[in-house]
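S.K.: Okay, sequence plus prediction incoming.
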Amino acid sequence: MRYHSVVSFQRMKALTFGLTLVRHGETRYNKEGLLQGQAIDCPLSEIGLQQAEAAGCYLKDVMFSRVFVSDMMRAQQTAETIMKHNSSCSGLQMVCDPLLKEISFGTAEGGRLQDVKEMAKAAGQSFPGFTPPGGETQEQVKERVKEFLEKMLQQIGAEHDRWEDETSVSAPPEMSPIEGKADDGVRDVPIHALVVTHGAYMCVAVRYFVEELHCSLPPGSDRAHMFSLSPNTGLCRFILTMREEHDRFKLSGIRCVFIHRGNHVKQ
């Protein structure tokens, strides 16, 4: 006689959603090759404002259901500009979260980026990845990424009822072919979070997604490019699937659609 565990008959529910990360527009410090980090809350430059406008125009027809933003001025200005162009954002509230703020570069903030790169080289390390005196370590920043991701999963999971049988979406589904369009990967995804943050923070987030969450990558992906600094208003998009388990929502799969896209600025 064969026996089946009761658990084997339980149907797990899953939810799929899109996540688009955007780096803020250029500031004067970016232009001059200086580190901002957390202590320097510099507004966007004229070029940065133009980049934010370009990103807003590029994303104007992409549907968003949530907007999360670093609590720093340069990220908020970028998010406000993107939202201004997007009709799906008209009824959304921008949620500012300090978990999304840039890495603290300690005593190096306000100094030349080149000087920190040379410090890193002398220490046998690379930048990003090197921790100046008084700055945040990569592990500390990764903990912020993990905490934000967990909070976002719980909020989205609790607010949406578009759950499906997990057997049909056990991994992030393959979407339509990538065509270089603004809505690549999210045309049939009704839940889509826009996250506006910072360059070095995005480097840590992408590395965490790839190396620890085992994110599947687009064909022909170059890891050196994936782990590089995104251009100002550069876009990274991921498709995530989560499941409900013991009254909590847990990530069950993640796929990268594209990385560091900056076509809107060039156009």
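M.R.: Sure thing, it's come through.
S.K.: how about stretch 215-229: buried residues?
M.R.: Within stretch 215-229, the residues that qualify as buried are 215, 226-228, counting by 16 or more other C-beta atoms under 10 Å. Glycine gets a C-beta too; all of them are placed from N, C-alpha and C.
S.K.: To clarify, my last question referred to stretch 204-214.
M.R.: So stretch 204-214, judged by 16+ other C-beta under 10 Å, has buried residues 204-210.
S.K.: quick one: which of the buried residues of stretch 215-229 is nearest to Gly129?
M.R.: Nearest to Gly129 among the buried residues of stretch 215-229, counting by C-beta to C-beta, is Phe227 at 9.1 Å.
S.K.: pLDDT score assigned to the closest one?
M.R.: Confidence at Phe227, expressed as pLDDT, is 92.
S.K.: next one: Ser168
M.R.: 48.
S.K.: Just to check, Gly180 is in contact with Gly262?
M.R.: No. Using C-beta atoms under 8 Å, Gly180 makes no contact with Gly262, being 12.0 Å away.
S.K.: What residues sit buried inside stretch 84-100?
M.R.: 85-86, 88-89, 94-97, 99-100.
S.K.: what's next to that stretch, contact-wise?
M.R.: 53, 56-57, 59-71, 75-76, 79-80, 82-83, 144-145, 147-148, 151, 194-198, 201 (C-beta atoms under 8 Å, 6 or more residues apart in numbering).
S.K.: Separate out the buried members of these.
M.R.: The buried subset of the contacts of stretch 84-100 (16+ other C-beta under 10 Å) comprises 53, 56-57, 59, 62-70, 75-76, 79-80, 82-83, 144-145, 148, 194-198, 201.
S.K.: So which of those residues belong to strands?
M.R.: 66-70, 194-197 (DSSP state E).
S.K.: export these to a markdown table and tack on pLDDT and distance to Leu235?
M.R.: Formatted as a markdown table, those follow (pLDDT from 0 to 100; distance: C-beta to C-beta, whole Å):
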| residue | pLDDT | distance to Leu235 |
| --- | --- | --- |
| Arg66 | 97 | 16 |
| Val67 | 98 | 14 |
| Phe68 | 98 | 15 |
| Val69 | 98 | 15 |
| Ser70 | 98 | 16 |
| Leu194 | 98 | 10 |
| Val195 | 98 | 11 |
| Val196 | 98 | 10 |
| Thr197 | 98 | 12 |
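S.K.: Out of those residues, the closest to Ala120 would be?
M.R.: Thr197 (22.0 Å).
S.K.: can you tell me which residue is nearest the centre of the chain?
M.R.: Leu21 (3.2 Å; C-alpha atoms, centre = their mean).
S.K.: is that one in a bridge, and if so with what?
M.R.: Bridge pairing for Leu21 (DSSP bridges) gives the partners Val195, Cys236.
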